[in-house]
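Peer 1: My questions are about this predicted structure, shown below with the sequence.
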Amino acid sequence: MKTNNYMLIDGMPVEINGEKNLLELIRKAGIKLPTFCYHSELSIYGACRMCMVENQWGGLDAACSTPPKAGMAIRTNTRRLRKYRKMILELLLANHCRDCTTCNNNGKCKLQDLAVTFNIERVRFPNTAAKPKIDDSSYCITRDQNKCILCGDCVRMCNEIQNIGAIDFAHRGSKMIISTAFDQPIASSPCVGCGQCAAVCPTGAIVVKNDKKKVWEALDDKNAKVTVQIAPAVRVAIGRELGHANGENAMGKIVAALRRMGFDEIYDTSTGADLTVLEESNELLKRLEAGAAMPLFTSCCPAWVNYCEKNYPELLPHVSTCRSPMQMFASVIKEQNKTSGRRPVHVAVMPCTAKKYEAVREEFKTDGVPNVDYVITTQELIQMIKESGIVFADLEPEAVDMPFGTMTGAGVIFGVTGGVTEAVLRRLTSDKSSTSLMSIAYQGVRGMEGIKETTVMLGERELQIAIVNGLKNACDLIERIKTGEHYDFVEVMACPGGCINGAGQPFSSLKEKEKRGKGLYSADKLSNIKRSEENPLMMSLYSGLLKGHVHELLHVRYKAGTKEEN
Amino acid sequence: MNKTFDYKVVDEIIDELGNRQSAVIAILQNIQEHYRYLPKEVFPYLSKKLGISQAKIYSVATFYENFSLRPKGKYVIKVCDGTACHVRKSIPILEKLRKELGLSEMKTTTDDLHFTVETVSCLGACGLAPVLTVNDKVYPAMTPDKATGLLNGLKEDK
Ligand code: SF4
Ligand code: SF4
Ligand code: FES
């Protein structure tokens, strides 16, 4: 064994292979080290001190912020470390609201978890911290400072990945809190509702808004006809908490569960995505023909739309007028049920927190009533399934309902970054062979990279395409466009990796994210129709319900200046 | 953006110190020097100019004791309460000043914006204890009576 590339972890030699910090190496060695403030995608903060290890000289190092060195020898589990970890936890708990049983994050909280792991039996110190009020102003997230441990994960997510900077540390010492500028309500800050802060928050200090109760009420109402649509990304993320593998396509079981819960009609948002593909392709062609200013930005992601409105209102004319798949489909479903004897209620199950805000936007109301009455996230659906006593693993998969029950593989892949582009390209290329499908897939549209670029021939014309996920990447690309780089089509998804990693999904690591993407691509493989224009439902919709109403039902013009009401 | 606020001063300060994120503390200091506090209006403006979020600037502004988000008085009186001044009885001086001006720990500035009274932890002039400063001019070996005299002088001056 060459010693110059090894170090000892708890007596075991471990090879150093480019790991940036001890923590990565320790985890590679199969040891679970507790952390609060470390996320591999974020910068290193080194504040929580849970990850401390003891080196051969008896000194303590924070594993997350110490680079591994050959010849180093560390211990991860000594009497002293156990004592310190316990003490840190006790001190954090001393300053923390301890109403676990009624916390929205109960069962998903890292603090709670570690308190169990390290067997914290009592907290010797009373909570003397002032009780800050709960910020309930956003449609997407709720902030409760009483549960904050100041790990700063949310701050770095909002700044580094999303480039929003809605929240930051304010004040100092024992008075330090996470705050918006001037402690204004989060709804009047630059927040776009992406929810990524809630996704990384280890406690219940930032949680996704909960709308389950309203859905239960609708289901209990005999006079309501409750329809529901399920977004593509939900099916590959729901399984893990319900006894299936992450990335496994559980759509059939979701349908079965929803039917048992009493939903009257169940649909797949992929069908709405097919509509989006047709409309957006059309719009792109029209723009190209008319020689209009390019690029055309996609409009499926409401957090991106919010971001654009707040930061680049001058770009709004470049944002597609297409409503998101959820909203297109909701218009169609509401239109269909207009004359139903019962009060139509439409629910959308989404991987997304920003959809909660999209649903209440004025643009998407008919006679003052939102087309989507309630949006619940994947996590809320999981809770509802558990509440219902349904044993998900034992369910027999079922099919969605008619008349809107056909969808294509093109619609399903909307849930992963690059999916919208791939679906639109399938529509635009004249070569409809299966080899063309393959070549589109390997054009550089797939993969989890933050910015992907590709060129595609459309007749004589070379289309410049960019696909971005994460708003920081979107911002970087926009700045490049402003300095003169040319693109024809830009797909933006606010969440890293696309909707599969939406903040409404169970939290996932990078690896799991990829599995979810794969799950969607194999769902596409399994579907017998792969191009939106070949969906037979589309033809009947365009010659029926949508006839003469395409613009009114499927398009929207976002106006800048809706700033304050997010 | 606020239309009535004149950003010329801020622009000049940015020009002088450079349009750099790393200059934010110096920029805030100069703005405070001019306005005697950090007006709310400068936050969105600086955020745009420097490319830092308002929350981050707020973070800096609330971290340092020296920055004030509320307008301060024309005369800012800082009573030193470092160890040396404290043992040489700085508190009675502070109390006297507060009493005369109707101020307290929570309310530090008079309504007419003439006086602000606050404490600092050690001015680094322990040999002169107890010390106070008025707009950075140092007054050594103070007593409550001397403080009253000083106040009266300043009041006439206004
Ligand atoms: S929801 Fe998104 S934009 Fe809003 S504070 Fe959280 S991370 Fe920032
Ligand atoms: S709100 Fe959550 S993520 Fe943010 S600092 Fe507090 S505990 Fe950490
Ligand atoms: S994870 Fe290392 S200090 Fe928080």
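Peer 2: Cool, the structure landed. Numbering: from 1, shown residues only, chains lettered A, B, ... in the order given. Ligands and ions are numbered 1, 2, ... in the order given.
Peer 1: what secondary structure does the residue in chain B positioned nearest to ligand 1 sit in?
Peer 2: Distance from ligand 1 to each residue of chain B (Cβ to the nearest ligand atom) is smallest for B:Ala55, at 9.1 Å. Every C-beta, even on glycine, is put in place using the N, C-alpha and C of the backbone. Here B:Ala55 is helix, with the state taken from DSSP: H, G, I helix; E, B strand; the rest coil.
Peer 1: My guess is it contacts A:Phe182. True?
Peer 2: No: contact between B:Ala55 and A:Phe182 fails when scored by Cβ atoms under 8 Å: they sit 9.1 Å apart.
Peer 1: Now do the residue of the stretch 401-550 of chain A at minimum distance from ligand 3 against A:Gly497, distance only.
Peer 2: Closest to ligand 3 within the stretch 401-550 of chain A is A:Ser509: 15.2 Å, counting by Cβ to the nearest ligand atom. Noted for A:Ser509: a distance of 11 Å to A:Gly497, by Cβ to Cβ, to the nearest Å.
Peer 1: So for those two, which sits in the more crowded spot?
Peer 2: A:Gly497 (26 against 13; other Cβ atoms under 10 Å in any protein chain shown).
Peer 1: Surely the more buried one touches A:Asn469?
Peer 2: Yes: counting by Cβ under 8 Å, A:Gly497 touches A:Asn469, with 5.9 Å between them.
Peer 1: Quick check: A:Cys51 touching A:Leu23?
Peer 2: Yes: because the distance of 5.6 Å satisfies Cβ under 8 Å, A:Cys51 is recorded as touching A:Leu23.
Peer 1: any residues in contact with both of the two?
Peer 2: A:33, A:35, A:38, A:63-64 (Cβ atoms under 8 Å, 6 or more residues apart in numbering or on different chains).
Peer 1: now these as CSV including neighbour count and pLDDT?
Peer 2: Listed next are the shared contacts of A:Cys51 and A:Leu23 as CSV, based on neighbours: other Cβ atoms under 10 Å in any protein chain shown; pLDDT from 0 to 100:
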residue, neighbour count, pLDDT
A:Leu33, 20, 95
A:Thr35, 20, 95
A:Tyr38, 24, 94
A:Ala63, 26, 96
A:Cys64, 27, 96
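Peer 1: Enumerate every residue touching residue 5.
Peer 2: Since no chain was named, I'll use chain A. Counting by Cβ under 8 Å, 6+ apart, A:Asn5 touches A:15-17, A:70.
Peer 1: Please refer instead to chain B.
Peer 2: Residues in contact with B:Phe5 (Cβ under 8 Å, 6+ apart) are B:39, B:41-42, B:45.
Peer 1: among those, which ones are buried?
Peer 2: The neighbour-count test (16 or more other Cβ atoms under 10 Å in any protein chain shown) marks B:39, B:41-42, B:45 as buried among the contacts of B:Phe5.
Peer 1: rewinding a little: of B:Ala55 and A:Phe182, which one has the most company?
Peer 2: For B:Ala55 and A:Phe182, the more surrounded residue by other Cβ under 10 Å is B:Ala55, and the numbers stand at 29 against 16.
Peer 1: Buried ones in stretch A:310-327, by neighbour count?
Peer 2: Applying 16+ other Cβ under 10 Å to stretch A:310-327 flags A:310-312, A:315-316, A:318-327 as buried.
Peer 1: cool, and stretch B:22-33?
Peer 2: Buried residues in stretch B:22-33 (16+ other Cβ under 10 Å): B:23-24, B:27-32.
Peer 1: For chain A, which residues are neighbours of chain B?
Peer 2: Within chain A, the positions adjacent to chain B are A:159, A:164-172, A:179-182, A:189-190 by Cβ under 8 Å from any Cβ of the partner chain.
Peer 1: switch the cut-off to 7 Å
Peer 2: Neighbours of chain B within chain A, by Cβ under 7 Å from any Cβ of the partner chain: A:159, A:165-172, A:179-182.
Peer 1: In strands, which of the residues you listed fall?
Peer 2: Counting by DSSP state E, the residues of chain A next to chain B place A:168-170, A:179 in strands.
Peer 1: which stretches of chain B have low pLDDT?
Peer 2: B:1-3, B:158 (pLDDT under 70).
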